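J.: no letters, just coordinates:
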């Protein structure tokens, strides 16, 4: 296992039955612990394994995960012992989701909150298909502290804590 991950940073791990799904800077890997073998992944035709840095992995459905990457958001699906990477159909037509560098995201109901590398913070509502992109603006009191985001987490009041290279910002979804 270590040879395929050597030189890669592992960002996300999910366990599904006997498979370990791993998102890394070197690509996606699925390892079956029973057969002690890697399971092939079908990449989109315009990408090759290792050409995408996958930075996060989060379950979206029983057999599907969204993957944040340096080339937008991807969808990983499994079925019949196979894994396939494609683009989420609900994000079709919104360029930010195919060009941005996504580090991590949170979901609450229909609302998604994305941390982007060097591009700020994105709030998207799945039901309305509308998004708001927040960026650092010098001199504005209520601006994001920096555009290079590393982390997003909910606090106990439902605010979103945004970790970036200049410290911490807080986003309150109720006050938008």
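T.: Looks like it arrived, so ask away. It should be emphasised that the depicted structure is a prediction, and the values quoted were computed from it without experimental measurement.
J.: please identify which helix or strand holds the spatially closest residue to residue 94 that is not a sequence neighbour.
T.: Once flanking residues are discounted, residue 94 sits nearest to residue 131: 6.9 Å by C-beta to C-beta, 6 or more residues apart in numbering. (Glycine included, C-beta is placed from N, CA and C.) According to DSSP states H and E, residue 131 maps onto strand 130-134.
J.: that strand: how far from the chain's middle?
T.: Relative to the chain's own centre, strand 130-134 is displaced by 16 Å; criterion: C-alpha atoms, centre = their mean, to the nearest Å.
J.: do the same with stretch 44-60
T.: In terms of C-alpha atoms, centre = their mean, the centre of stretch 44-60 is found 10 Å from the chain centre.
J.: ok, stretch 69-81 next?
T.: For stretch 69-81, the distance to the chain centre is 10 Å (C-alpha atoms, centre = their mean).
J.: ok, and what's touching that stretch?
T.: By C-beta atoms under 8 Å, 6 or more residues apart in numbering, the list of residues contacting stretch 69-81 from outside reads 16, 19, 21, 28, 39, 41, 44, 47, 52-55, 57, 60, 63-67, 83-89, 91, 96-102, 117.
J.: helix or strand: which one has the residue nearest the centre of the chain?
T.: The residue lying closest to the centre of the chain (C-alpha atoms, centre = their mean) is residue 68, at 2.3 Å. Using DSSP H and E, residue 68 maps to strand 64-69.
J.: mind listing the strands that strand pairs with, and their directions?
T.: strand 54-61 (antiparallel), strand 72-79 (antiparallel) (DSSP bridges).
J.: which is the succeeding secondary structure element to the least confident helix or strand in the chain by mean pLDDT?
T.: Here the helix or strand of the chain ranked lowest by mean pLDDT, DSSP states H and E is helix 2-5, holding a mean of 65. Using DSSP H and E, the helix or strand that follows helix 2-5 in sequence is strand 10-16.
J.: now that next one: buried residues?
T.: For strand 10-16, the neighbour count (16 or more other C-beta atoms under 10 Å) marks 11, 12 as buried.
J.: give me the contacts around the helix or strand following it.
T.: Next in sequence after strand 10-16, counting helices and strands by DSSP H and E, comes strand 19-24. Residues outside strand 19-24 that contact it (C-beta under 8 Å, 6+ apart): 5, 8-15, 28-33, 39, 53-57, 65, 67, 76, 78, 83.
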